[in-house]
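[1] Got a predicted structure here, sequence first:
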Amino acid sequence: MNAERPTRLDQMSQWAALGKHREQLGGTHLRELFEADPRRGGAYVLRVGDLYLDYSKHLVTDETLALLRDLAGATGVAALRDAMFRGEKINTTEDRAVLHTALRAPRDAVIEVDGENVVPAVHAVLDRMAAFSERIRSGEWTGHTGRRIRNVVNIGIGGSDLGPAMAYEVLRSYTDRELTFRFVSNVDGADLHEAVRDLDPAETLFIVASKTFTTIETITNATSARQWLLGGLDAGPEAVAKHFVALSTNAEKVSGFGIDTANMFEFWDWVGGRYSYDSAIGLSLMIAIGPERFREMLDGFHLVDEHFRTAPAEENAPLLMGLLGVWYGAFFDAQSHAVLPYSHYLSKFTAYLQQLDMESNGKSVDRDGNPVSWQTGPVVWGTPGTNGQHAYYQLIHQGTKVIPADFIGFARPVPGLLDSLVPQHDLLMANFFAQTQALAFGKTPEEVRAEGVPEELVAHKTFRGNHPTTTILAEDLTPSVLGQLIALYEHKVFVQGAIWNIDSFDQWGVELGKVLAKRIEPVLTGQEGGERLDSSTATLAAAYRALRGR
Ligand code: F6P
């Protein structure tokens, strides 16, 4: 039994108190909560850095919030948080520290892992990345034939892809338009094919991003990219040095692959893959936006780290967001959580959060290996909001499921938008506010009837409302704001994992598929028969072979 947690979550008095409180709340409607307290919209608000966070449209009262904070206290969230920031090995199943917060710590900070201050090494790598980025951006770094680099292709998967690919899109308006960026992740050859088909190898740099440098998808794509490059240049392996760099924790594997470790930017085993894009894994982003903007982003992360570490529970935004998720999962049977950005630039934001949240908290045993009897991580989903309005919002408004949702919007359009497009921003944001209003307050049958709707249609046109949402607003979508948003979600996920008493920093669930794929491949190629497979997989493999004419 975990010493910090002598009692299982479902046996804690604070858990029982929340259950009782939930019963008392019953079907209380947001309309009633707003009527009872006319100041609610201005009171249930937090400000963190540049973020304005409105949680008034949640099915909570002051009492709910106090009970949730009691739960956080009883489950030791703050103690675990402090242990994380101190560099203790809180990822117990992998015996690792969890120190993505050190990646954005200021130069003079001291954070020790096994007695060694890791901050100087973090800044040494950031400085090397900055020097390299400037050489690419200025054209000083040239390819094997002496031509300047104009294309950057990041090859990685999971955390080694989603972070840089997402952040590149988010910060598109800050990127150097002289350079082309592509992100290749899928082992489906079509991904690499489409990424390089119109590129000139003489002007292309491949960044091979892999924490372990053993991930089959990435190594396979990197090997194919090397073939494409050397074939296109009609050159030998000596050309690799000018066209390949590696981002990894594994120098041995990098050099085994044929990349000079002088061209490797390192990070460390205390950075989880899904928490890594502010490490060397962000090199493609740094090349795109420049080192200064990258540092602004790191400062944004750090601002929220400090907020999470020091703000009192009543004002702590990641704590609040984490607690709200626990509340809906446990007491409203919410199975999923929607993240709905009202910014086209955030088109990959939710996909990034899917890995962050679902790989972290998709667990069903506690830290001691005992099955949990409570809901853990939700299914995270969503796309930019206005598109969603014309697709799946119907289900959120009138379906049968409880789907808490985060709405993220910005007061200003991104810099550089065509003047003629600027007025569209108010329309976008009018939609943003209208949706959270409709979700919360709905439309009663009386209101529908008052519009003269025939009785047989009243039920169809009624909106129950009472759908909980968080609204997150910022003035501008800047690099710092992106860092603030990501750190907010990172720590929200942390809070939930701490309460659920699961290890949010391992990912054993992805291992089995990898092992089985290795066993199935020789069956597909005909090197082995399917005797060792179950009858369904063996029959499918046989059907595949037949379709391929094997
Ligand atoms: O999917 C498992 C995983 O280990 C992720 O956690 C990680 O982000 C991804 O694979 C890629 O791993 P690597 O960076 O080691 O190639």
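    Right, received. Where do you want to start? The shown structure was predicted, so the numbers you read here are calculated from the model rather than taken from an experiment.
[2] Enumerate the positions of the helix or strand that contains residue 437 that are buried.
    Taking DSSP states H and E as the criterion, residue 437 maps to helix 424-441. Buried residues in helix 424-441, counted by 16 or more other Cβ atoms under 10 Å: 425, 428-429, 432, 435-436, 438-441. C-beta: built from backbone N, CA, C; applies to glycine.
[3] And stretch 235-245, by the same measure?
    In stretch 235-245, counting by 16+ other Cβ under 10 Å, buried: 235, 239-240, 242-245.
[4] ends of that stretch, how far apart?
    18 Å (Cα to Cα, to the nearest Å).
[5] burial of residue 478, as a residue count?
    Residue 478: 22 surrounding residues under other Cβ atoms under 10 Å.
[6] who's in contact with it?
    50, 296, 300 (Cβ atoms under 8 Å, 6 or more residues apart in numbering).
[7] Around the ligand, pick out the residues from the stretch 101-250 of the chain.
    Within the stretch 101-250 of the chain, the residues that sit near the ligand (Cβ under 6 Å from any ligand atom) are 157-160, 210-212, 215, 218.
[8] Need the residue closest to the centroid of this protein.
    For the chain, the residue nearest the mean C-alpha position is residue 353 (2.5 Å; Cα atoms, centre = their mean).
[9] what number of residues lie near the closest residue to the ligand within the stretch 401-550 of the chain?
    Nearest residue of the stretch 401-550 of the chain to the ligand: residue 510, at 4.1 Å (Cβ to the nearest ligand atom). By the measure other Cβ under 10 Å, the count of residues near residue 510 is 10.
[10] Please verify my assumption that it contacts residue 358.
    No - Residue 510 is not in contact with residue 358 according to Cβ atoms under 8 Å; the separation is 10.9 Å.
[11] Need the residues touching each of those two.
    Counting by Cβ under 8 Å, 6+ apart, nothing touches both residue 510 and residue 358.
[12] Let me see the ranges of the strands in the stretch 301-450 of the chain.
    Listed in chain order, the strands of the stretch 301-450 of the chain (DSSP state E, counting those that start in this stretch) span 336-341, 379-381, 405-410.
[13] OK, contacts around whichever residue of the stretch 201-350 of the chain sits closest to the ligand?
    With Cβ to the nearest ligand atom, the shortest gap between the stretch 201-350 of the chain and the ligand falls at residue 273, namely 2.5 Å. When contacts are counted by Cβ under 8 Å, 6+ apart, residue 273 touches 158-160, 211, 507.
[14] Model confidence for it, exactly?
    Model confidence at residue 273, given as pLDDT, is 98.
[15] so what pLDDT did the closest residue in space to it that isn't next to it in sequence get?
    Excluding the flanking residues, the one nearest residue 273 by Cβ to Cβ, 6 or more residues apart in numbering is residue 159, at 3.1 Å. Listed pLDDT for residue 159 reads 97.
[16] now do the one 10 residues further on
    According to the per-residue confidence, residue 169 scores 98 in pLDDT.
[17] give me the element it is part of.
    Secondary structure assigned from DSSP H and E places residue 169 in helix 162-170.
[18] Now the element after that helix, going C-ward?
    By DSSP H and E, the next helix or strand past helix 162-170 is strand 180-184.
[19] partners of that next one in the sheet?
    Here strand 180-184 has these sheet partners by DSSP bridges: strand 151-155 (parallel).
[20] mind listing what residue 219 touches?
    Residue 219 makes contact with 210, 213, 257, according to Cβ under 8 Å, 6+ apart.
[21] Helices - which of the residues you listed land there?
    In helices, defined here by DSSP state H, the members of these are residue 257.
[22] which of the contacts of residue 219 tops the neighbour count?
    Neighbour-wise, the contacts of residue 219 (other Cβ under 10 Å) top out at residue 210, 28 neighbours.
[23] Poorly predicted segments of this protein, please.
    Along the chain, the parts satisfying pLDDT under 70 run over 1-4, 6.
[24] mind running it again at 80?
    1-6 (pLDDT under 80).
[25] residue of the stretch 1-150 of the chain with the smallest distance to the ligand?
    residue 94 (10.9 Å).
[26] That residue belongs to a helix?
    No - per DSSP: H, G, I helix; E, B strand; the rest coil, residue 94 lies outside any helix segment and is coil.
[27] Touching, it and residue 506? I think so.
    Yes - here residue 94 reaches residue 506: they are 5.3 Å apart, a contact under Cβ under 8 Å.
[28] Next, give me the two most distant ones among the buried residues of stretch 235-245.
    235 and 245 (17.3 Å; Cβ to Cβ).
[29] any idea which element the residue nearest to residue 532 when sequence neighbours are not counted lies in?
    Nearest residue to residue 532, sequence neighbours excluded (Cβ to Cβ, 6+ apart): residue 519, at 6.9 Å. Here residue 519 sits within helix 511-524, counting by DSSP H and E.
[30] One more: residue 52?
    Counting by DSSP H and E, residue 52 is found in strand 51-54.
[31] Can you name every helix or strand that that strand contacts?
    Contacts defined by 3 or more Cβ pairs under 8 Å, 6 or more residues apart in numbering; DSSP states H and E place strand 51-54 against strand 45-48, helix 317-331, strand 469-474, helix 479-500.
[32] which residues does residue 506 contact?
    Counted by Cβ under 8 Å, 6+ apart, residue 506 has contacts 91, 93-94.
[33] Phi, psi for it please.
    phi -110, psi 180 (degrees, to the nearest 10).
[34] State the distance from it to residue 373.
    Residue 506 is 21 Å from residue 373, where distance means Cβ to Cβ, to the nearest Å.
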